[in-house]
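Colleague: I would like to see how this sequence folds:
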Amino acid sequence: MLVALCVSVTISYGVLYYAFTVLAPAISADTGWSATAVTAAFSAGSLAGAVAGIAAGRVLQRRGPRLVMTAGSLLGAGAVAVVALAPTYPVFVVGWLLVGLASAGTFYPPAFAALTHWYGAGRVRAITTLTLVAGFASTIFAPLTAALGEWFGWREAYLILAALLLVVAAPAQALTLRLSWHHDAGTSHRRADRDVLTSRTFLLIAVSGTLASLAMYASLVNLVPLLLHHGVNLQLAAWVLGLSGAGQVAGRLAYPALDRLLSPNARSAAVMGVMGVTLAALALVPGPAPVLVLVAVLGGAARGLFTLVGATLVSDHWGAHRYAAINGVYHAPKGVAAALAPAFGAGVAAITGGYPAMFGVLAALALAGAALAAVAGDPTGVRGNAGAEAIAAAASASPSQR
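Modeller: Numbering: from 1, shown residues only. Okay, the predicted model is just below:
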């Protein structure tokens, strides 16, 4: 099951997300649609996926991941085919909206819910394994997509990639995600969910994660332009970006130790704090090159850790029992922030007069997120994995006790 999730999630990110970053110029050149219009369609799909994640989490809570993820892969294959065959721009937009809906059932959140539910106390190790493998999605699919685009054209490349979702990801999910799924949809649990979603702790960690997501994705898109502004040549800037990706892997390898040492909110605050400090350093320090590489690697490590913090924060606070439904709501504003981040970064750069000032603003957002995480409080009075398991065992307690 873990192997199937690693394979299917990697394919999903590669086909539904990273392929676009490679094929976008070819799409614009072939169709005559502006680069802005093409990117806007992709962003609209990302927004649709963020909102759809709430409903996907609720269905997953009731029915389990097999239905949600298999349906997501099937829909994704069809949606990518619509994108590939779109004769007009409105059809192209519809295709991307469908891609966004499919991503709600195929990206990290539903997979995290499956691993949290089935692996119990071993979920950190399982989630870390998944993110380590799927972290190579861009490494695999960027060159693969580029080769397919050169050999066949962007439309045919997308059709071939859609076939991977159809013949590999969907069957893998349908055949392996068959373990029993404990389902509780009674009124008391719905009330408990509402109590969690309106609690001070949830609201603060949701706002905290959204601010950090906005800073993270906006900085990632604008890292190379910032380095060029600092006088770094394009080749070195590309290397710095690539090494920051390697830092993500290193950060994820360190997460189990961080999970043992720090409480959930302290982990979150520490990771966002490092993110903010590295963004500030990139804004202020123009070089030399080894310093930029070191800062970028540390920033990449913070990004890698941030993914795992987001994957475990809900279960650490409120247990694995109702993880899917609550986690879907937690990730929705983060997904919206990720979708809006490129436009937000460009707007801030235009208003502030350049990339260094923009990175300063992003650093402030990340540090504000760290501060909110630090003061969010613990709704249970217990910490870490042990606390999460205690909550799951006390599922019959009254909402006020939770």
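Colleague: My guess is residue 304 contacts residue 131. True?
Modeller: Yes - using CB atoms under 8 Å, residue 304 makes contact with residue 131 at a distance of 7.4 Å. C-beta coordinates here come from the backbone N, C-alpha and C atoms, glycine included.
Colleague: Give me the more crowded residue out of the two.
Modeller: residue 304 (27 against 24; other CB atoms under 10 Å).
Colleague: and that one, helix, strand or coil?
Modeller: helix (DSSP: H, G, I helix; E, B strand; the rest coil).
Colleague: Once you drop chain neighbours, what's closest to residue 338?
Modeller: Spatial nearest neighbour of residue 338, excluding adjacent residues (CB to CB, 6 or more residues apart in numbering): residue 217 at 4.6 Å.
Colleague: Could you tell me how many residues sit around the one you found?
Modeller: Count around residue 217 with other CB under 10 Å applied: 21.
Colleague: Repeat that for residue 29.
Modeller: 11.
Colleague: how far does the host helix or strand of it sit from the chain's center?
Modeller: Here residue 29 sits within helix 19-31, counting by DSSP states H and E. From the chain centre to the centre of helix 19-31 is a distance of 23 Å (CA atoms, centre = their mean, to the nearest Å).
Colleague: Would you mark the buried spots in that helix?
Modeller: 19-20, 22-24, 26-28, 31 (16 or more other CB atoms under 10 Å).
Colleague: OK, contacts around residue 164?
Modeller: 11, 14-15 (CB atoms under 8 Å, 6 or more residues apart in numbering).
Colleague: Looking at the residues you listed, which is nearest residue 289?
Modeller: When the contacts of residue 164 are ranked by distance to residue 289 (CB to CB), residue 14 comes first, at 30.4 Å.
Colleague: I'd guessed the closest one sits against residue 136; true?
Modeller: No - with contacts counted by CB under 8 Å, residue 14 stays clear of residue 136, the gap being 9.2 Å.
Colleague: Those two - which one has more neighbours?
Modeller: residue 14 (23 against 15).
Colleague: any idea which helix or strand carries the nearest residue to that one once chain neighbours are set aside?
Modeller: Excluding its sequence neighbours, the residue lying closest to residue 14 (CB to CB, 6+ apart) is residue 141, at 3.1 Å. Element membership for residue 141, per DSSP H and E: helix 137-152.
Colleague: Just the strands from this protein, written as ranges.
Modeller: Ranges of strands in the chain, per DSSP state E: none exist.
Colleague: Switch the contacts of residue 164 over to a markdown table; also include pLDDT and distance to residue 96.
Modeller: Listed next are the contacts of residue 164 as a markdown table, based on pLDDT from 0 to 100; distance: CB to CB, whole Å:
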| residue | pLDDT | distance to residue 96 |
| --- | --- | --- |
| 11 | 96 | 18 |
| 14 | 92 | 16 |
| 15 | 95 | 13 |
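Colleague: if we take these, which one ends up nearest to residue 287?
Modeller: residue 14 (33.7 Å).
Colleague: What ranges does the stretch 1-150 of the chain have for its helices?
Modeller: Assigned by DSSP state H, counting those that start in this stretch, the helices in the stretch 1-150 of the chain fall at 2-13, 19-31, 35-63, 65-85, 89-103, 108-119, 123-134, 137-152.
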